[in-house]
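**Q** Okay, here's the prediction I keep looking at, along with the sequence it came from:
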Amino acid sequence: MSDTFDYIICGAGSAGCVLANRLSADRRRKVLLLEAGDRDTNPWIHIPVGYYRTMHNPKTDWCYVTEPDPGLNGRRITWPRGKVLGGSSSTNGLIYIRGQREDYDHWHQLGNDGWGFDDVLPYFLRSEGQERGAGAFHGADGPLKVSDPRIRRPICDDFIAAAEGLGVPRTDDFNGADQEGVGYFQATIDKGRRCSAARAFLRPVLGRANLAVITQAHIEKVIFEGHRAVGVQFRKDGQSSTVRAEAEVILSAGAIGSPQILELSGVGATDHLRSFGVDVVLDLPGVGENLQDHLQVRSVYKTTRPMTLNDEVNNPLRKMWIGIEYLLRRSGPMAMAASHVSLFTRSAPEVATPDIQFHFQPLSADEPGKGLHPFSAYTSSVTQLRPESRGSVHVRSTDPTDHPRIQPNYLSTPRDQVTTVAALKLSREICRQPPLATQTESEYLPGPEVEGDAALLDYARNTGGTIYHPVGTCKMGTGIDAVVDARLRVRGLERLRVVDASIMPDIVSGNTNAPAIMIGEKGSDMILEDNRC
């Protein structure tokens with residue numbers, strides 16, 4: 001293998017796979033993709049419901065754990081992130097949501113030219129292979145396959161009808177002109193199989209002679225000559241190697257990995273870097289700050305009779321049929337995304353656009369990835385879409401394999417607390433509406449004894465967890481806290497960019513995988529434009 005490339009991409013997650021595809025399309029350019037995880041060969045990765053086997057599995061999940069969080073009453077919680085080609089798109093819940101027009105227009109208003117909704121929509125369309133066909137808000141020819149659910153369950157239809165009874169409009173497209181409403185999710189599933197970023201963007205181009213992919217490669221640091229990035233030092237099989245970049249080094253390691261690489265490379269807050277003996281290349285105090293995530297708080301309701309997946313999975317014969325149905329037809333419960341139905345609505349009349357989201361599941365468990373409850377029940381998870389709370393990610397040592405310190409700071413502002421409590425109250429209201437009320441025997445969690453705002457907030461602190469959407473730690477912007485500019489170039493440095501969800505100045509109103517892929521698409525165009533020769 002040559003030790004010199006035009007582009008070196010650090011991280012083969014959602015954005016990194018897009019970059020590898022688009023940048024290597026020019027056969028004159030040599031591209032190296034470095035991934036700290038392994039190949040995506042585990043068969044459970046490619047089965048939609050396989051996230052139950054890949055999350056919390058150290059072979060496919062980095063198994064991050066946060067610091068004790070005051071907002072969660074001092075609890076540490078797990079933060080699953082994909083440890084294979086495709087990153088978290090290989091292990092996530094497969095939900096395809098873009099967010100709201102206003103999210104991206106706000107990015108533009110913050111001084112990020114070219115990031116308004118009308119600017120980014122063409123990149124969503126370019127990546128999307130929508131099974132319904134093309135339209136004003138959808139693309140049909142992209143490699144990322146997006147499909148409707150192959151199975152619908154009566155309990156899900158009852159939830160939709162109950163929400164409609166409270167005035168929430170029914171919708172069949174959360175990614176159209178208006179996000180608000182209740183209906184079925186679409187998912188990144190293609191004919192019953194997961195369509196990860198690796199499958200959509202990377203696998204079709206692995207045969208290109210100008211693209212090299214190295215897995216189990218831990219980035220030790222970006223190499224600089226002055227303030228110019230010229231290469232990368234990485235560790236594989238206990239050996240350090242150095243590769244040179246003639247055009248650019250691109251960090252696509254996500255909201256945890258990208259700030260970690262920057263700090264290991266001497267880019268970050270001077271005092272923090274010096275405390276670990278890191279030679280400072282550039283004082284950039286915003287690195288690792290501005291961490292945002294969606295906190296999910298789950299409510300579980302027992303049903304009046306067997307009607308949920310709990311009953312099927314806990315029955316050996318019916319569980320066997322689930323496997324047979326998937327093998328023969330690529331359908332049934334094994335072909336489903338993590339959640340079936342969503343609801344986007346407002347926590348209060350004065351809120352301009354939806355600020356809470358529901359994930360409805362016809363099943364229940366003590367926590368995602370664990371065994372289902374032995375009784376029939378459904379889950380209604382709520383999350384605040386635009387939290388004000390901000391956390392941080394910072395290295396704890398100079399060892400690239402040592403997990404950084406993750407401090408989310410959930411529920412640290414009054415607005416976040418009020419909105420979360422309002423969402424839990426709305427969950428109860430929906431479940432008391434017909435026809436869902438007739439299917440509901442009792443509230444299992446939080447439980448009828450949990451009454452009042454203070455008790456509901458304490459329940460959220462004691463049980464809430466990540467819904468796997470960390471962003472923002474390499475903020476795009478113009479202020480002193482910004483890490484990259486609007487073209488995703490690291491401020492104050494040359495030939496170094498960050499292209500992944502860490503560049504989001506504010507989290508989008510919904511699931512974050514589709515936006516991460518969009519960032520990869522738009523970032524690839526910027527790189528090609530700036531290096532045209």
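**A** Yep, that arrived.
**Q** make it CA atoms for all contacts and neighbour counts henceforth
**A** Fine.
**Q** Now do the nearest residue to P400 once chain neighbours are set aside against Q239, distance only.
**A** Nearest residue to P400, sequence neighbours excluded (C-alpha to C-alpha, 6 or more residues apart in numbering): E220, at 5.6 Å. From E220 across to Q239, the span is 11 Å (C-alpha to C-alpha, to the nearest Å).
**Q** In terms of neighbours, single out the busier of the two.
**A** Taking neighbours as other C-alpha atoms under 10 Å, E220 and Q239 compare with E220 leading, 22 against 8.
**Q** before we move on, what SS does that one have?
**A** Secondary structure assignment for E220 (DSSP: H, G, I helix; E, B strand; the rest coil): strand.
**Q** okay but it is in contact with V278, surely?
**A** No: the criterion here is C-alpha atoms under 8 Å, and E220 misses it with V278 at 11.8 Å.
**Q** which residues touch the nearest residue to G323 once chain neighbours are set aside?
**A** Closest residue in space to G323, ignoring its immediate chain neighbours: M334 at 7.3 Å, by C-alpha to C-alpha, 6+ apart. Shown in contact with M334 (C-alpha atoms under 8 Å, 6 or more residues apart in numbering): 47-50, 322-323, 326.
**Q** now, which of those lie within helices?
**A** 322-323, 326 (DSSP state H).
**Q** buried sites along the lengthiest strand in the chain?
**A** Longest among the strand segments of the chain by residue count, using DSSP state E, is strand 239-251. For strand 239-251, a neighbour-count test (16 or more other C-alpha atoms under 10 Å) marks 242-251 as buried.
**Q** tell me the pLDDT at the closest residue to W44 other than its chain neighbours?
**A** Distance criterion C-alpha to C-alpha, 6+ apart; nearest residue to W44, sequence neighbours excluded, is G50 at 4.6 Å. pLDDT recorded at G50 is 95.
**Q** what sits against G50?
**A** Contacts for G50 (C-alpha under 8 Å, 6+ apart) come out as 44, 91, 334.
**Q** What is the nearest of the ones in helices among the contacts of M334 to G133?
**A** Comparing the ones in helices among the contacts of M334 against G133 with C-alpha to C-alpha places Y326 closest, at 25.5 Å.
**Q** So the closest one sits against G332, correct?
**A** Yes: with contact taken as C-alpha under 8 Å, Y326 and G332 are classed as touching, separated by 6.1 Å.
**Q** Next, the nearest residue to V450 once chain neighbours are set aside: secondary structure please.
**A** Of all residues not flanking V450 in the chain, L456 sits nearest, at 6.3 Å (C-alpha to C-alpha, 6+ apart). Of the three states, L456 takes helix under three-state DSSP.
**Q** can you tell me how far L456 sits from D355?
**A** Separation of L456 from D355 (C-alpha to C-alpha) stands at 18 Å.
**Q** So between these two, which is more surrounded?
**A** D355 (22 against 19).
**Q** Identify the residues contacting the more buried one.
**A** 344-347, 384-386, 509.
**Q** so which pair among those is furthest apart in space?
**A** S347 and S509 (13.6 Å).
**Q** neighbour-wise, which of these two wins?
**A** A count of neighbours by other C-alpha under 10 Å puts S509 above the other of S347 and S509, at 26 against 21.
**Q** Correct me if wrong: D40 contacts V84.
**A** Yes: with contact defined as C-alpha under 8 Å, D40 reaches V84; the gap is 5.4 Å.
**Q** tell me, what's touching these two both at once?
**A** In contact with both D40 and V84: S90, using C-alpha under 8 Å, 6+ apart.
**Q** Show me where the stretch 1-150 of the chain has its helices.
**A** Remark: helices assigned in the stretch 1-150 of the chain by DSSP state H, counting those that start in this stretch are 14-23, 51-54, 101-109, 117-127.
**Q** typo on my end, it should be the stretch 301-450 of the chain
**A** 309-313, 316-329, 414-431, 436-439.
**Q** Could you dump the ones you listed into TSV with mean pLDDT, distance to S502 and mean neighbour count added?
**A** Shown next, in TSV, are the helices of the stretch 301-450 of the chain (pLDDT from 0 to 100; distance: least, C-alpha to C-alpha, whole Å; neighbours: other C-alpha atoms under 10 Å):
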stretch	mean pLDDT	distance to S502	mean neighbour count
helix 309-313	95	35	21
helix 316-329	95	36	14
helix 414-431	98	21	20
helix 436-439	98	39	18
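**Q** Would you mind reformatting the ones you listed (as TSV) and adding columns for distance to T398 while you're at it?
**A** Converted to TSV, those look like this (distance: least, C-alpha to C-alpha, whole Å):
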stretch	distance to T398
helix 309-313	45
helix 316-329	45
helix 414-431	34
helix 436-439	54
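**Q** of all the ones you listed, which lies closest to A338?
**A** Nearest of these to A338, taken as C-alpha to C-alpha: helix 309-313 at 12.2 Å.
**Q** and the closest one, what does it pack onto?
**A** helix 316-329 (3 or more C-alpha pairs under 8 Å, 6 or more residues apart in numbering; DSSP states H and E).
**Q** Which elements pack onto the helix it packs on?
**A** helix 309-313.
**Q** CA-only coordinates of the helix it packs on in PDB, if you can.
**A** In PDB, the C-alpha atoms belonging to helix 309-313 read as follows (Å, rounded to 0.1, in the frame of the first residue of the first chain):
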ATOM      1  CA  LEU A 309     -44.500  -8.600  20.200                       C
ATOM      2  CA  ASN A 310     -43.800  -9.600  23.800                       C
ATOM      3  CA  ASP A 311     -46.300 -12.400  23.400                       C
ATOM      4  CA  GLU A 312     -44.800 -13.700  20.200                       C
ATOM      5  CA  VAL A 313     -41.100 -13.500  21.300                       C
END
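**Q** List the contacts of P448.
**A** Applying C-alpha under 8 Å, 6+ apart to P448 gives no contacts.
**Q** rerun that using 10 Å as the cut-off
**A** Neighbour list for P448: 428, 442 [criterion: C-alpha atoms under 10 Å, 6 or more residues apart in numbering].
**Q** same thing with A161?
**A** Listed by C-alpha under 10 Å, 6+ apart, the contact partners of A161 are 155, 167-170, 182-183, 430, 433-436.
**Q** Quick check: it vs T473, distance?
**A** Separation of A161 from T473 (C-alpha to C-alpha) stands at 39 Å.
**Q** again, but for F276
**A** 20 Å.
**Q** for R405, same thing?
**A** As for R405, its distance to T473 is 13 Å (criterion: C-alpha to C-alpha).
**Q** Are we agreed that A212 is in a strand?
**A** Yes: counting by three-state DSSP, A212 is located in a strand.
**Q** contacting residues for it?
**A** A212 touches 1-2, 5, 8, 20, 24, 30-34, 206, counting by C-alpha under 10 Å, 6+ apart.
**Q** switch the cut-off to 6 Å
**A** If a contact means C-alpha atoms under 6 Å, 6 or more residues apart in numbering, then A212 has L32 as its contacts.
**Q** ok, now R75?
**A** For R75, the contacting residues are 68-69, by C-alpha under 6 Å, 6+ apart.
**Q** Since that was my last question, I'll sign off now.
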